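Participant: Sharing a model that was predicted from the sequence below.
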Amino acid sequence: MRLFGIIYALAGPTLAGILIIAVLTMNMVTTNAIIVSAVIGFLVALPIAWFVAKAIRENA
């Protein structure tokens, strides 16, 4: 669980930032679009962090 937290702390803001930049690039400069993209980024990071932590644990 600790490894998952560390990976999520890195993956969450990274994915949220990528999606925010994508939204801004598409010229959707509204507060709702930015907030929704950040939330989606943090939610998508949950299973990614889980699978990466699981793979690291199994191969360690």
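Facilitator: Received the coordinates, thanks.

Participant: the longest helix in the chain is where?
Facilitator: Across the chain, the longest stretch assigned as helix under DSSP state H is helix 31-59.

Participant: Give me the pLDDT value at residue 3.
Facilitator: Per-residue pLDDT puts residue 3 at 95.

Participant: Which helix or strand contains it?
Facilitator: If you go by DSSP states H and E, residue 3 is part of helix 2-25.

Participant: Could you give me the buried positions within that helix?
Facilitator: 4, 7-8, 11-12, 15-16, 19-20, 23 (16 or more other CB atoms under 10 Å). Backbone N, C-alpha and C define where each C-beta goes, glycine included.

Participant: again, but for stretch 52-60
Facilitator: Residues of stretch 52-60 classed as buried by neighbour count (16+ other CB under 10 Å): 52-53.

Participant: all numbers from here: first residue = 405
Facilitator: All set: I'll call the first residue 405, so the last point we hit is now stretch 456-464.

Participant: Show me what that stretch is in contact with.
Facilitator: 407-408, 411, 415 (CB atoms under 8 Å, 6 or more residues apart in numbering).

Participant: Now for residue 427: which residues touch it?
Facilitator: Residues counted as contacts of residue 427 (CB under 8 Å, 6+ apart) are 437-438, 441.

Participant: Most neighbours out of those, which is it?
Facilitator: In terms of neighbours by other CB atoms under 10 Å, those top out with residue 441 at 22 neighbours.
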